[in-house]
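Colleague: test case, fold it:
(3 chains)
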Amino acid sequence: MQTESNKSNNIQTNTLNPEQLAAVRNIAGPVMIIAGPGSGKTRVITERIAHLINSGVDSQNILALTFTNKAAKEMKMRIKSLTNNEDSESIWMGTFHSIFARILRQEAAVIGYSNNFTIYDNEDSNKIIRRIIKDWNLDKDIYNPKFIFSRISFMKNNLISPEDYNIHDTLKEQDKRNKRVDFLKIYQKYCQTCRDSNAMDFDDLLINTHKLFQENSSIISYYQEIFKYILIDEYQDTNKAQDKIIKQIGTKYKNVCIVGDDSQSIYSFRGANINNMLNFKKFYKNVKEFKLEQNYRSTQNIVNAANSLIAYNKHKIDKTIFSKNEQGNKIRLFEYSNGREEGAKISSMIEKSILKGRKKSDHAILYRTNSQSKIIEDGLRKKGIHYRIFGGLSFYQRKEVKDVMAFLKLILNHDDDESLIRIINYPTRGIGNTTINKIRNKAEEKNKTIWQTLKSDDFHEIELTNGAKKNVSFFINIMKDLFQKINNNIFEIMELLMDRTGIIRRLKDDPTADNINRLENIGELINSTKLFSMRKNNNHLIDFINEISLDENKLNESITEDHVSLMTIHQSKGLEFSHVYILGLENGLFPSQRNMRERKMIEEERRLFYVAITRAINSVVLSYAISRFQFGTINKTEKSLFIDEINYFFIEKFKQTHEPKIGGHNLMNPPKIDNRKLKKIKLNSQNTFFRKGLEVGQSIIHNVFGKGEIRKIDNSDGNQKITVFFSAGGEKILLTKFAKFEILT
DNA sequence: CGGTAGAATATTTTT
DNA sequence: TATTCTACCG
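Modeller: Predicted coordinates for the structure are as follows:
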């Protein structure tokens, strides 16, 4: 895999083309760079920043906002080598969220937070909302927690506070029509809960920054002076709050450079609005506009196919993307009878490609939804092709990891009720729902946070059974001891934490496959705290939590073995691969069911498809299945409407199956076949897993237990088990599916 | 209170 | 199918 930043070797010469050069050199005043896919955008950005520094601009006066922290890191490295200047380290470069979190920690007191505030992720937010709805006995169908959360998020991204909502008739009308009359109350309560817990959710990082700047003229002028030069990548995917903040900061010096491609805007579900980009020229006068239209990445066929597709979108900036690379092969389209066949056939295509001498990492498989990864995984595994799935559940989102992290968060911020509730009975120590609710009610009554309640005399006012009281006291004591350690290094905190809570002991006592896996993950977390605490600076608890809350750190980034990449199209943004496979081109899946109703939404899905195609350097393979197994039933599907939008001149169609087509269905509602009777026969689709090359007598090294020797290999059921004797820990049975180890001999 | 079995329910995409 | 929720029993 390559990211755009290190793809510059694709640019034929070492020099920039005239348009790129102009975009790099024009550093004063507002600039808009429209950068088509593969147009050397990242190179232009890095060169531009390097040019700023070489022209004498102080690194500390540059604000560069990227879409991911990973992109920021890579760009920083390139800028450092371009400028040969150590100072380039001090550029303010990162995502909106991480940069603003940094500012907010600095200025927290001004807006009524303390600087150790917790950052809640979506799971935390959802739990809070679910609790509010439950506490108030609201109808779960009308007040669907997920929906409520996304609506709250929508409000926040559009800077609509509860007060604003209240005077916003159309919004109120909408909710009234849907009988969600209590939406405002929930919104208020949710905000209150976060604030009381000294916590911010992702959206709060934006709106609180906006508020901070809005209400404090001295602070905004301070940052206007700091951020004299502003550059924002992927501007097409900014939301209103982000756009406004940039306007707040940029209005003084107006050295604002936005980079983006309206055709690649794919985050409207998160509040992103292309109009931010389209209206840029209206807000600032004399905007210099540069269009990077030459695609250095893909073959002409791929670029032409993508162009013919995106031409169906009405809402877009006029531009002509072209390629001078070789013509290349046509895009290939395959029809399969079902998802399983799709997975198998695509896998064997990749296998053949690898046999031709290509690297696995030249291949990427892209899909619309995370759940589609499973079928292709099965296919690849059968062929023994290494792959890596990006995204899905990240390491830090795993339950057991979050549980341990909740202890750390609570140590840092005692008012973090969400974390406290999460761990008061983890591992189970006899504190059930009844007890927790009694405690919560008392805290509510006293208008205190839970920890404040527990540590004060109020605790004794709660009517608890003796047993419950003892258990809660036990928890309080654990936490008091841990709180003492707040300034120790994290590894020491972790050791005490494990010792006092017995998390590891408990898991070891009950070594089910799940628990072994959990144990390994916690082991990995402990390892990472060890590494973290060995850092020279920024090695405190707050730094650790900060990085984990906002960095999409995958922790297993270090996998070096050659592998095929599997990811959603959203995650492929900014990446490129020689050979790209796009699965599941079916109406209802891609474009997704929900987005098929509105033209605006279909345009977004089309942009998503455009992004997918333009990831490819040499070849694109598309596929769809005429039936798909989903939710335990087989559904007939129809090929995606996007397929025929690609000009036939650039695409080649293959049919693998000859089943008669059932015609005449309503496009919006593909017929469903009731499969309940068939289900009883149940295909034996057990997930088998065997690790290759294992032998009795081999010595291995395990990430938790260390060195050991294989004593026995058990392939009897679908899950391969090995018995290993560890010099440190004695004999253990491991499931090779989960165990993390390497063969030594 | 904790564990579990069986029922109900859910699928976009993510900082 | 995979995950979450609910009801019930020890």
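Colleague: give me the element A:Trp547 is part of.
Modeller: Check again: residue A:547 is Glu, not Trp. Secondary-structure assignment from DSSP states H and E places A:Glu547 in helix A:541-550.
Colleague: meant to ask about A:Thr453
Modeller: Per DSSP H and E: helix A:450-455 holds A:Thr453.
Colleague: what does the next helix-or-strand element following that helix contact?
Modeller: Reading on from helix A:450-455 to the C-terminus, the next helix or strand found by DSSP H and E is helix A:458-461. The contact list for helix A:458-461 (Cβ atoms under 8 Å, 6 or more residues apart in numbering) reads A:442-443, A:446, A:448, A:453, A:472, A:476. Any C-beta I mention is one placed from the backbone N, CA and C, and that applies to glycine too.
Colleague: make it 6 Å
Modeller: For helix A:458-461, the external contacting residues (Cβ atoms under 6 Å, 6 or more residues apart in numbering) are A:442, A:446.
Colleague: point out where chain A drops to low pLDDT.
Modeller: Low-confidence segments of chain A (pLDDT under 70): A:1-14, A:552-559, A:656-692, A:702-706, A:714-721, A:726-742, A:745.
Colleague: in it, what residue is nearest DNA strand B?
Modeller: A:Gly432 (2.4 Å; Cβ to the nearest atom of the strand).
Colleague: so what's that residue closest to, chain neighbours aside?
Modeller: Residue nearest to A:Gly432 in three dimensions, not counting chain neighbours: A:Asn425, with 7.2 Å by Cβ to Cβ, 6 or more residues apart in numbering.
Colleague: show me what the helix holding A:Thr453 is packed against.
Modeller: Applying 3 or more Cβ pairs under 6 Å, 6 or more residues apart in numbering; DSSP states H and E, one finds that helix A:450-455 makes contact with helix A:433-446.
Colleague: quick one: stretch A:521-531 to chain centroid distance?
Modeller: Centroid separation for stretch A:521-531 versus its chain: 21 Å, with Cα atoms, centre = their mean, to the nearest Å.
Colleague: that one vs DNA strand C: in contact?
Modeller: No - using Cβ under 7 Å from any atom of the strand, stretch A:521-531 never reaches DNA strand C; the gap is at least 14.9 Å.
Colleague: around DNA strand C, which positions in the stretch 351-500 of chain A sit nearby?
Modeller: A:Lys374.
Colleague: closest residue of the stretch 351-500 of chain A to DNA strand C?
Modeller: Closest point on the stretch 351-500 of chain A to DNA strand C, by Cβ to the nearest atom of the strand, is A:Lys374, at 6.4 Å.
Colleague: count the neighbours of that residue for me.
Modeller: Other residues near A:Lys374 come to 13 when the count uses other Cβ atoms under 10 Å.
Colleague: what's the answer for A:Glu586, then?
Modeller: 25.
Colleague: look up how far A:Ile439 lies from the residue of chain A positioned farthest from its centre.
Modeller: The centre of chain A is farthest from one residue, A:Asn466, which by Cα atoms, centre = their mean lies 44.9 Å away. For A:Asn466, the distance to A:Ile439 (Cβ to Cβ, to the nearest Å) stands at 16 Å.
Colleague: where do the strands sit along the stretch 501-650 of chain A?
Modeller: A:564-568, A:575-582, A:616-625, A:627-630, A:633-636 (DSSP state E, counting those that start in this stretch).
Colleague: rewinding a little: spell out the secondary structure type for the residue nearest to A:Gly432.
Modeller: Three-state call for A:Asn425 (DSSP: H, G, I helix; E, B strand; the rest coil): coil.
Colleague: now swap in the one 3 residues further on and tell me
Modeller: In the three-state summary, A:Thr428 is assigned as coil, counting by three-state DSSP.
Colleague: next, count neighbours for it.
Modeller: A:Thr428: 9 neighbours (other Cβ under 10 Å).
Colleague: phi, psi of it?
Modeller: For A:Thr428, the backbone dihedrals (degrees, to the nearest 10) come out as phi -50, psi 130.
Colleague: show me what contacts it?
Modeller: Counting by Cβ under 6 Å, 6+ apart, A:Thr428 has no contacts.
Colleague: okay, it and A:Met494: tell me how far apart.
Modeller: Using Cβ to Cβ, one gets 21 Å for the distance from A:Thr428 to A:Met494.
Colleague: swap in A:Thr170?
Modeller: In this view, A:Thr170 and A:Met494 are 51 Å apart by Cβ to Cβ.
Colleague: got it, and A:Asp204?
Modeller: A:Asp204 is 28 Å from A:Met494, by Cβ to Cβ.
Colleague: the strands in the stretch 201-350 of chain A, which residues?
Modeller: Going by DSSP E, counting those that start in this stretch, the stretch 201-350 of chain A shows strands at A:229-232, A:256-260, A:288-292, A:294-295, A:322-323, A:331-336.
Colleague: strand partners (parallel or antiparallel) of the fourth one?
Modeller: To tie it back to what came earlier, the one meant is strand A:294-295. For strand A:294-295, the paired strands and their directions (DSSP bridges) are strand A:322-323 (parallel).
Colleague: winner for burial among the strands of the stretch 501-650 of chain A?
Modeller: Each of those was scored by mean neighbour count; the highest is strand A:616-625, a mean of 25, by mean count of other Cβ atoms under 10 Å.
Colleague: can you tell me what sits against that one?
Modeller: Contacts made with strand A:616-625 from outside it, assessed by Cβ under 6 Å, 6+ apart, are listed as A:297-298, A:302, A:329, A:331-334, A:336, A:338-339, A:342, A:576, A:578-583, A:585-586, A:613, A:639.
Colleague: and stretch A:630-647 with DNA strand B, contact?
Modeller: Yes - judged by Cβ under 7 Å from any atom of the strand, stretch A:630-647 comes into contact with DNA strand B through A:630-632.
Colleague: list, out of those residues, those positioned next to DNA strand C.
Modeller: Okay, of these touching DNA strand C (Cβ under 7 Å from any atom of the strand), that's A:631-632.
Colleague: ok, so of the residues of stretch A:630-647 next to DNA strand B, who is nearest A:Asp457?
Modeller: Lowest distance from A:Asp457 to the residues of stretch A:630-647 next to DNA strand B (Cβ to Cβ) belongs to A:Phe631, with 52.9 Å.
Colleague: need the phi and psi values for A:Ser265.
Modeller: phi -80, psi 110.
Colleague: enumerate every residue touching it.
Modeller: Going by Cβ under 6 Å, 6+ apart, A:Ser265 touches A:236-237, A:274, A:607.
Colleague: go again with 10 Å.
Modeller: A:234-238, A:272-277, A:315-316, A:603-604, A:607-608, A:611 (Cβ atoms under 10 Å, 6 or more residues apart in numbering).
Colleague: what helix or strand is A:Lys712 on?
Modeller: strand A:706-714.
Colleague: all set, thanks.
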